[in-house]
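Chemist: task: produce atomic coordinates for the following.
(chains A and B)
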Amino acid sequence: MLGSLIRDKGREGRRGYTLPRFDVERVDLGEILPKGALREEKPGLPEVDEPTVVRHYTNLSRQNWGIDTNFYPLGSCTMKHNPRANEAAAAVPGFAGLHPLQPEGQIQGALKVMHEMQGFLSAVSGLPAVSLQPMAGAQGELTSILMVRKYFEDRGDTERTTVLVPSTAHGTNPATATMVGFGTEEIGLDEDGCVDVEELRGKVDGTTAALMITNPNTLGVYEKNIAEIADILHEAGAFLYMDGANVNAIMGRMRPGDAGVDVMHFNLHKTFSTPHGGGGPGSGAIACSGALAPFRPDPVAEKDADGYHLARPEKTIGRVAGFHGNFGVFLKAWNYIKMHGPELKNVTDMAVLNANYVRAHLRGTYRIPYEGLCKHECIVQPPKGKKALDVAKGLIDHGFHPPTVYFPLVVKEAMLIEPTETESKETLDDFVGAMLELAERSTEELEEAPVNAPTRRLDEARAARKLKARW
Amino acid sequence: MSVPGELQYTKTHEWVRIEGETATIGITEHAQDELGDVVFVELPEEGRTLDAGDSFGAVESVKAVSDLYAPLAGEVIEVNGTLGDNPEKINEDPYGEGWILKLRVSGEPDLLSAEDYEKLLEQAE
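Modeler: Modelled structure (predicted):
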């Protein structure tokens, strides 16, 4: 079934609908359009009847594998259930029908949502200033580090050339620093899987612009020395940036600003439950300290006696996206936060409990590279001699989306499992049962999986080497 | 895993064959096995001068991108251009057709013997 394109199903002259005969005078388009506006050849659209179109896309959609169909414990990605109430909020016609160029007087409700959302993120982060503009997590990182660069430029400090990145960092962290024009230097781990504080101390100096930390880190381990790390950076005049991919593990329980974080991004689409990946757009809102606030992207929502306004921060880095950011995502995230209210911290508690439940039940059969309680995700390794990729493929036959594999890079054969708080004990038990069953299989049996999927093993190497993106 | 006795090695899993002034460099069988199927190799410009430990390129596999480090100092005199179309040679023949570059050696190299490299691999197990 895969590989059959809608084009292949077309027949020349076939139509879904027959339009009524012309009852007006025909006009030659070439005469009324500007020169060069008419294409020379027909566009080559598939010529198909409506049932063929409906069946083609319905069958493709049935092969879709997502959070709405299956448990999806993708580490460092927080694939939690997306409450349908969020969709109802985003579909309210007064919001859905807005145009971004409408005057402020007509969009007071939308600006109020943005202003409240800024306040919510400020409360969760413990940082006074917020920008909702970045469109996704990596852009939130980029925005944060652009603000750091502009801060130093503004002070005339041209010596800051390096951004430090722990070995467990998401690949986007060093990529961000490089895009902004900084060199990067890696910091190793201590035996608990945390940033090696002594190594950091030795590497921080007057050339350091920032450290990009993820807390909890991608091993699912809380960076217990974060306050000390912040002190080391601040003493050298550098900033502590926090990658907010894993806020689902600390929200309501720990405010990064209190620990000395200067700037961070949120993934509204992960932490606050809006569809993402193939299912929808993201939002990489950022929160920052007073020192960095003047450099935030333009615009931010502000309130005065006359109502809500869009304002331009004094020393802004400029726009990082068109208009206001992904407004529909703010609405869904705003709705999610309003639904939970002060109970938002229970989300965190349940996410951490679920990850530790999975970890405790896999322990003994799977190897656990870092002992101690994990946060919202746990990292395991298959029994010796078995490959994470094979176990992942086997999970597909059991009806589960595989977890992240081979990341973080510092753990061999890593399987990074993030169950999230929205899964029941029964689902977790089924998942653990599947993992334990797969661990029992011989390597040869494992290499056969998946047998129940529309395709067996894809030849990833050939796909990458001989990429064919056109037909 | 094969560790040919006539070659020298690094902790970062490169091998070196020194013949006169020329050092031929590649990655070990162990390294290619850890990486999985190699899909892209980033090679340095010929004529570039490297210090020992410099990153001179990268190997991308279906799992990850890994930097390549110069095992010793020297000037790049030749790169294996056939890897552009056939990166799989690194998996199939890491010590032969999968060689990556040749350096004109400058300075005293500090490398591991085959025996020491095998010990390193055993410890890592």
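
Chemist: low-confidence ranges in chain B?
Modeler: Chain B contains residues with pLDDT under 70 at B:125.

Chemist: what residues does the single longest helix found in it touch?
Modeler: Assignment by DSSP state H gives helix B:114-124 as the longest helix of chain B. The contact list for helix B:114-124 (C-beta atoms under 8 Å, 6 or more residues apart in numbering or on different chains) reads B:1, B:3-9, B:11, B:28, B:30, B:112. Using the backbone N, CA and C atoms, a C-beta is placed for each residue, glycine as well.

Chemist: got the buried residues for that helix?
Modeler: Neighbour-count burial for helix B:114-124 flags B:117-118, B:120 (criterion: 16 or more other C-beta atoms under 10 Å in any protein chain shown).

Chemist: and the end-to-end length of stretch A:355-373?
Modeler: One end of stretch A:355-373 sits 9 Å from the other (C-alpha to C-alpha, to the nearest Å).

Chemist: ok, is that stretch in contact with chain B or not?
Modeler: No: Stretch A:355-373 stays clear of chain B (C-beta under 8 Å from any C-beta of the partner chain), getting no nearer than 13.1 Å.

Chemist: what does that stretch contact?
Modeler: A:73, A:192-193, A:219-221, A:352, A:374-384, A:411, A:414-415, A:417-419, A:425, A:428-429, A:431-432, A:435-436, A:439.

Chemist: which residues of chain B lie near chain A?
Modeler: Residues of chain B lying near chain A (C-beta under 8 Å from any C-beta): B:34, B:36-40, B:62-64, B:87-88.

Chemist: list only buried entries from the residues you listed.
Modeler: Buried by 16+ other C-beta under 10 Å: B:34, B:36-39, B:62-63, B:87-88, out of the residues of chain B next to chain A.

Chemist: Throw those residues into a markdown table and include distance to A:Asp28 and secondary structure, thanks.
Modeler: Formatted as a markdown table, those follow (distance: C-beta to C-beta, whole Å; DSSP: H, G, I helix; E, B strand; the rest coil):
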| residue | distance to A:Asp28 | secondary structure |
| --- | --- | --- |
| B:Glu34 | 66 | helix |
| B:Gly36 | 59 | coil |
| B:Asp37 | 56 | coil |
| B:Val38 | 57 | strand |
| B:Val39 | 52 | strand |
| B:Val62 | 54 | coil |
| B:Lys63 | 58 | coil |
| B:Pro87 | 54 | coil |
| B:Glu88 | 56 | coil |
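
Chemist: closest to A:Ser289 out of the residues you listed?
Modeler: Lowest distance from A:Ser289 to those (C-beta to C-beta) belongs to B:Lys63, with 37.8 Å.

Chemist: that closest one contacts B:Gly36, doesn't it?
Modeler: Yes: the pair B:Lys63 and B:Gly36 passes the contact test of C-beta atoms under 8 Å, sitting 4.9 Å apart.

Chemist: quick one: the strands in the stretch 101-250 of chain A?
Modeler: A:129-131, A:162-166, A:183-187, A:208-214, A:239-243 (DSSP state E, counting those that start in this stretch).

Chemist: of all these, which one comes closest to A:Thr404?
Modeler: Closest of the strands of the stretch 101-250 of chain A to A:Thr404 is strand A:208-214, at 13.9 Å (criterion: C-beta to C-beta).

Chemist: quick one, phi/psi of the closest residue to A:Ser131 other than its chain neighbours?
Modeler: Excluding the flanking residues, the one nearest A:Ser131 by C-beta to C-beta, 6 or more residues apart in numbering or on different chains is A:Arg296, at 4.2 Å. Dihedral pair for A:Arg296: phi -60, psi 150, per degrees, to the nearest 10.

Chemist: roughly how far apart are A:Arg296 and A:Ala175?
Modeler: 22 Å (C-beta to C-beta, to the nearest Å).

Chemist: neighbour count winner among the two?
Modeler: In terms of neighbours (other C-beta atoms under 10 Å in any protein chain shown), A:Arg296 is the more surrounded of A:Arg296 and A:Ala175; the figures are 28 against 16.

Chemist: surely the more buried one meets A:Pro313?
Modeler: Yes: counting by C-beta under 8 Å, A:Arg296 sits close enough to A:Pro313 to count as a contact (4.4 Å).

Chemist: can you pull the residues that touch both of those two?
Modeler: Counting by C-beta under 8 Å, 6+ apart, the shared contacts of A:Arg296 and A:Pro313 are A:Ser131.

Chemist: what parts of the stretch 351-471 of chain A come near chain B?
Modeler: A:406, A:409, A:412, A:460-461, A:464-465.

Chemist: so which of these is the closest to B:Glu108?
Modeler: For these, the nearest to B:Glu108 is A:Leu409 (32.2 Å; C-beta to C-beta).

Chemist: beta-bridge partners for the most centrally placed residue in chain B, please?
Modeler: Per C-alpha atoms, centre = their mean, the C-alpha nearest to the average position across chain B is that of B:Gly26, at 2.6 Å. Note on B:Gly26: beta-bridge partners by DSSP bridges are B:Trp15.

Chemist: test my guess that it contacts B:Trp15.
Modeler: Yes: when contacts are counted by C-beta under 8 Å, B:Gly26 is listed as touching B:Trp15 (5.5 Å).

Chemist: which residues are common contacts for the two?
Modeler: Listed contacts common to B:Gly26 and B:Trp15 are B:94-95; contacts here mean C-beta under 8 Å, 6+ apart.

Chemist: stretch A:356-365: which residues count as buried?
Modeler: Buried-residue list, stretch A:356-365, by 16+ other C-beta under 10 Å: A:356-359, A:361-362.

Chemist: try stretch A:325-339
Modeler: Applying 16+ other C-beta under 10 Å to stretch A:325-339 flags A:325-337 as buried.

Chemist: distance of B:Ser106 from B:Gly47?
Modeler: 14 Å.

Chemist: find residues that contact each of the two.
Modeler: Shared contacts of B:Ser106 and B:Gly47 (C-beta under 8 Å, 6+ apart): B:Glu75.

Chemist: between the two, who's got more neighbours?
Modeler: Neighbours per residue (other C-beta under 10 Å) separate B:Ser106 from B:Gly47, with B:Ser106 holding more: 15 against 8.

Chemist: report the contact partners of that one.
Modeler: B:73-75.

Chemist: sort out for me which of the residues you listed are in helices.
Modeler: Residues from the contacts of B:Ser106 lying in helices, with DSSP H as the criterion: none.

Chemist: for the closest residue in space to B:Glu46 that isn't next to it in sequence, list the residues it contacts.
Modeler: Distances taken as C-beta to C-beta, 6+ apart put B:Val76 closest to B:Glu46, at 5.3 Å, once the chain neighbours are dropped. B:Val76 makes contacts with B:44-50, B:56, B:101-103, as judged by C-beta under 8 Å, 6+ apart.

Chemist: what residues does chain A have near chain B?
Modeler: Residues of chain A lying near chain B (C-beta under 8 Å from any C-beta): A:406, A:409, A:412, A:460-461, A:464-465.

Chemist: now that we have the residues you listed, which one has the most neighbours?
Modeler: In these, the most neighbours by other C-beta under 10 Å go to A:Tyr406, 20 neighbours.

Chemist: next one: that one from A:Asn346, what distance?
Modeler: Distance from A:Tyr406 to A:Asn346, by C-beta to C-beta: 33 Å.

Chemist: B:Gly81 too?
Modeler: 59 Å.

Chemist: ditto for A:Ser273
Modeler: 14 Å.
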